[in-house]
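Student: Sequence first, then the predicted structure:
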Amino acid sequence: MPDAKLPEQELIEELEQVYDTDYQVGQDNVERYGLDMHNPVFFVSAGLIVLFVLTSLVFPDEAKVGLEATKAWIQVVFDGLLLSAGNVFLVFCLALIVLPVGNIRIGGDDATPDFSLLSWFAMLFAAGIGIGLMFWGVAEPAGYYTDWYGTPLDIDGFTDESRRAALGATLFHWGMHPWAIYAVVALSLAFFAYNKGLPLTIRSCFYPLLGDRVWGPIGNLIDILAVLATVFGLATSLGFGAQQAAAGLGFLFGVEGGLSTQLIIIASVTGLALISVLRGIDGGVKLLSNINMTMALLLMLFVIVAGSLVSFGANLVETVRGYAQYLIPLSNPFGREDDIFYHEWTIFYWAWWISWSPFVGMFIARVSRGRTVRQFLTAVLIVPTLVTSFWMAAFGGSGIDQIEAGVGALADGITDDALVLFQMLENLPLASITSMLGICLVLVFFVTSSDSGSLVIDSITSGGKTDAPVTQRVFWATTQGVIAAVLLSLGGSAALDALQAGAVSTGLPFTFVLLLMCVSLTMGLRHERRLNLAIERI
Amino acid sequence: MYSKIMVPVELDHTDRIERTLKVAADLAKIYSSTVVYVAIHGKVPNPVARTPEKFAAELDMFAREQGERFGIQTSALPIASNDPAAEIDARLIEAVRRSKADLVVMASHVPGVADTLHLIGSHAAKLVRQLDISVFVVR
């Protein structure tokens, strides 16, 4: 019977049909004036951006009150949900590492990685977390230690226990949990694009659940929400970052840190991001990420050596012990009494990470082809957590050491969180050089965020195409700079606060999106494994 | 005079370069040269194919069809890029080197907003400037 099919062949055909969508990448796109844009995602996103910016400029105080109340409501009412969801994402990722589906390779069995391991790690940090490490590396542990604004589990400040809790809690906020959130999005996007051939946009992750309906209004809604969260998250960060960098320059060199300095900083960051965007991933964001990682490691080594190697060792032990000791109590949503720490720090961070996950996750997905699920998750969860524990032990540990020894400005308490890093560096040798290096690092991290953000927004708004004309990336990078500049000049901090609260509030809908993503990814991975096993049997 | 003619193609827009394809085929007949069709592609799913392997197969098929249509020798050279939109000029120059082409026949694209704003120059202009072989730009 030459025509008879083996049962495996039938199974393979049946399995392949599941993802056999008629949808073609870019079929809803409008191509005009040399541009290539998804209709309606591009147009609705652009329209809503203009609308939100105008509203926050015309009614800055009302917008601030309204959006901040929304954010506060989410932080209080959905606290348990956000914290539990974070735990679910971490457990989910750890489970995928040990389960057999961990063998699945992103991009198929023959795919090879597009980037070296070092460049890949550098890009992981460059997209979303680098600026935060610079800004909070000293301020957060020092803040907990001195009870500046709440302490983890209400442990009394200025004690040995509070040192350990401060370092451990900071690592909790920057360690495996945020990376698990990013990993869920990144792995889903990478898997459905590279293995299942679906367009590289957020909606594709829901194909197993929704089928061809993802190409309709539900998908449009998810994609538009992701664009808005990314644009406003990046633009407001850029605005606040410009204020902080200007304050830093004022503190260090006595430069007038007013609006004109802030606008010059925004223009420079945006200009550099444009050059980087036009040079492409390899010549732009990869190069800058490698430079930044080298500079950051040098700065960290300097802080370790110039402070004290012995106290760094002790602080590293405390950081790791603190993380191990407080991981469970800090991830527990029940019966929490450390109200300020729990709501204003942990839950805020969780909403923030989740609202940034479409951006950071999609960028990580873009550069992660060719690695197995197991390699990917191990690397994304473990390596950044290790690097961050060294970082916090070096920077946070030095800050706490200085406070304990009564040295320098930090000993008098935290006055301006933007200056804490520089106040710590001031008590080490070569302060002017290291502070300058610190400012450069912050600015280049802004450039890499703006650059990678533009790549991501461009991909979503062009229906998953990565070869849409570069003019569109230029448009998105410029838009972020213009929004930041306009908000700062016309609306001041109130307008920035308002839109940032709005961006963080998208963390709530995205929590549900991410939880569904876990279900969908499980279905996709099981399907891939069944397919691979059937092919192996033939 | 020319042994290998390189023709850059966008597989989802081959209808727009009909004249270019004809010119290249005519030249190939005159000089008995091989036409190599080059396409730069990303690794994420695109309108042409859902995987890089299928993209290569599509280009191969296109080259064979052109060969039969014009009665010329053809071949295909897909070039993968991490960021096709930004790297297209660099990859095209790489393609000239890899294909050992001694003539490029290419279409000038329809000028869009970016050209009016002088943001981005034409790919053809960049190739003319950077290559030492002849470049035939079909308008």
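Tutor: Thanks, I have it. It should be emphasised that the depicted structure is a prediction, and the values quoted were computed from it without experimental measurement. Residues are numbered from 1 along each chain as shown, chains lettered A, B, ... in the order given.
Student: where do the strands sit along chain B?
Tutor: Using DSSP state E, the strands found in chain B span residues B:4-8, B:34-41, B:73-80, B:103-107, B:134-138.
Student: Which residues does the fourth one contact?
Tutor: What that stands for is strand B:103-107. B:2, B:4-8, B:16-17, B:19-20, B:23-24, B:27, B:33, B:96, B:123-124, B:127, B:131, B:133-139 (CB atoms under 8 Å, 6 or more residues apart in numbering or on different chains). (C-beta placed from N, C-alpha, C; glycine too.)
Student: what residue ranges in chain A score low on pLDDT?
Tutor: The model of chain A has pLDDT under 70 over residues A:1-4, A:128.
Student: give me that answer again for 80
Tutor: Along chain A, segments meeting pLDDT under 80 span A:1-6, A:32-34, A:127-128, A:257.
Student: where does it come near chain B, residue by residue?
Tutor: Within chain A, the residues that sit near chain B (CB under 8 Å from any CB of the partner chain) are A:24-27, A:33-35, A:107-108, A:114-115, A:193-194, A:197-200, A:277-284, A:366-367, A:369, A:464-471, A:473-474.
Student: Apply 7 Å and report the result again.
Tutor: Within chain A, the residues that sit near chain B (CB under 7 Å from any CB of the partner chain) are A:24-26, A:33-35, A:114, A:193, A:197-200, A:278-282, A:369, A:464-471, A:474.
Student: Where do the strands of chain A begin and end?
Tutor: A:29-32, A:35-38.
Student: Relative to the whole chain's centre, how far out is the last one?
Tutor: Meaning strand A:35-38. In terms of CA atoms, centre = their mean, to the nearest Å, the centre of strand A:35-38 is found 26 Å from the chain centre.
Student: That one - contacts with which helices or strands?
Tutor: Counting by 3 or more CB pairs under 7 Å, 6 or more residues apart in numbering or on different chains; DSSP states H and E, the packing neighbours recorded for strand A:35-38 are strand A:29-32.
Student: C-alpha coordinates for the strand it packs on, PDB please?
Tutor: Only the C-alpha atoms of strand A:29-32 are listed here, as PDB (Å, rounded to 0.1, in the frame of the first residue of the first chain):
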ATOM      1  CA  ASN A  29      -0.800  47.200   6.600                       C
ATOM      2  CA  VAL A  30      -1.100  50.500   4.700                       C
ATOM      3  CA  GLU A  31       1.800  51.200   2.400                       C
ATOM      4  CA  ARG A  32       1.900  54.800   1.400                       C
END
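Student: contact partners of it?
Tutor: A:36, A:37, A:38, A:39, A:462, A:463 (CB atoms under 7 Å, 6 or more residues apart in numbering or on different chains).
Student: Residue A:15 contacts residue A:528, correct?
Tutor: No - look at residue A:15 against residue A:528 with CB atoms under 7 Å: they stay out of range, at 9.0 Å.
Student: Which residue of the two possesses the greater neighbour count?
Tutor: Taking other CB atoms under 10 Å in any protein chain shown, residue A:15 and residue A:528 do not tie; residue A:528 has more neighbours (20 against 17).
Student: Next up, the contacts around residue A:511.
Tutor: A:81, A:82, A:85, A:354.
Student: how about TSV for these, with distance to residue A:346 and neighbour count added?
Tutor: Listed next are these as TSV, based on distance: CB to CB, whole Å; neighbours: other CB atoms under 10 Å in any protein chain shown:
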residue	distance to residue A:346	neighbour count
A:81	13	17
A:82	9	22
A:85	13	23
A:354	13	28
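Student: Out of those residues, which comes closest to residue A:143?
Tutor: Distances from residue A:143 to the contacts of residue A:511, taken as CB to CB, are shortest for residue A:82 (21.2 Å).
Student: Do I have it right that that closest one meets residue A:346?
Tutor: No - counting by CB under 7 Å, residue A:82 stays clear of residue A:346, with 8.6 Å between them.
Student: got the buried residues for stretch A:53-60?
Tutor: For stretch A:53-60, burial by neighbour count (16 or more other CB atoms under 10 Å in any protein chain shown) applies to A:53, A:55, A:56, A:57, A:59, A:60.
Student: nearest residue to residue B:50 other than its sequence neighbours?
Tutor: Of all residues beyond its chain neighbours, the one nearest residue B:50 is residue A:197 (2.9 Å), with distances taken as CB to CB, 6 or more residues apart in numbering or on different chains.
Student: For residue B:36, see how far away residue A:211 is.
Tutor: With distances taken as CB to CB, to the nearest Å, residue A:211 is found 41 Å from residue B:36.
Student: and the two? which has more neighbours close in?
Tutor: In this view residue A:211 and residue B:36 are compared by other CB under 10 Å, and residue B:36 has more residues nearby, 23 against 12.
Student: From residue B:75, how far out is that one?
Tutor: For residue B:36 relative to residue B:75 (CB to CB), the value is 5 Å.
Student: and if you look at residue A:290?
Tutor: Between residue A:290 and residue B:75 the distance is 37 Å, computed by CB to CB.
Student: Chain B: helices as residue ranges?
Tutor: In chain B, the helices defined using DSSP state H lie at B:18-31, B:52-70, B:84-99, B:113-116, B:123-130.
Student: Could you give the number of residues near residue 129?
Tutor: This is for chain A. 21.
Student: Please refer instead to chain B.
Tutor: Using other CB under 10 Å, residue B:129 has 10 neighbouring residues.
Student: what's the burial count for residue A:109?
Tutor: So residue A:109, with other CB under 10 Å, has 10 neighbours.
Student: Roughly how far does it sit from residue A:56?
Tutor: 50 Å.
Student: And residue B:39, by the same measure?
Tutor: Counting by CB to CB - residue B:39 and residue A:56 are separated by 45 Å.
Student: In chain A, which residue sits nearest chain B?
Tutor: residue A:34 (1.5 Å; CB to the nearest CB).
Student: could you point out where chain B is predicted with low confidence?
Tutor: For chain B, the stretches with pLDDT under 80 are B:108-122, B:139.
Student: for chain A, what's the longest helix?
Tutor: helix A:217-253.
Student: how distant is that one from the center of its chain?
Tutor: Remark: helix A:217-253 is offset 12 Å from the chain centroid, using CA atoms, centre = their mean.
Student: again, but for stretch B:75-93
Tutor: 9 Å.
Student: Need the CA coordinates for that stretch. PDB is fine.
Tutor: Only the C-alpha atoms of stretch B:75-93 are listed here, as PDB (Å, rounded to 0.1, in the frame of the first residue of the first chain):
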ATOM      1  CA  SER B  75      20.800  31.400  -9.200                       C
ATOM      2  CA  ALA B  76      19.600  32.600  -5.900                       C
ATOM      3  CA  LEU B  77      21.400  34.100  -2.900                       C
ATOM      4  CA  PRO B  78      19.300  34.800   0.200                       C
ATOM      5  CA  ILE B  79      21.200  36.900   2.800                       C
ATOM      6  CA  ALA B  80      20.000  36.800   6.400                       C
ATOM      7  CA  SER B  81      20.300  39.900   8.600                       C
ATOM      8  CA  ASN B  82      19.500  40.600  12.200                       C
ATOM      9  CA  ASP B  83      18.000  43.900  11.200                       C
ATOM     10  CA  PRO B  84      17.200  44.000   7.500                       C
ATOM     11  CA  ALA B  85      15.700  47.500   7.400                       C
ATOM     12  CA  ALA B  86      18.800  49.200   8.800                       C
ATOM     13  CA  GLU B  87      21.500  46.900   7.300                       C
ATOM     14  CA  ILE B  88      20.200  46.600   3.700                       C
ATOM     15  CA  ASP B  89      23.100  48.600   2.100                       C
ATOM     16  CA  ALA B  90      25.800  46.700   4.000                       C
ATOM     17  CA  ARG B  91      24.200  43.300   3.200                       C
ATOM     18  CA  LEU B  92      23.900  44.200  -0.500                       C
ATOM     19  CA  ILE B  93      27.600  45.000  -0.700                       C
END
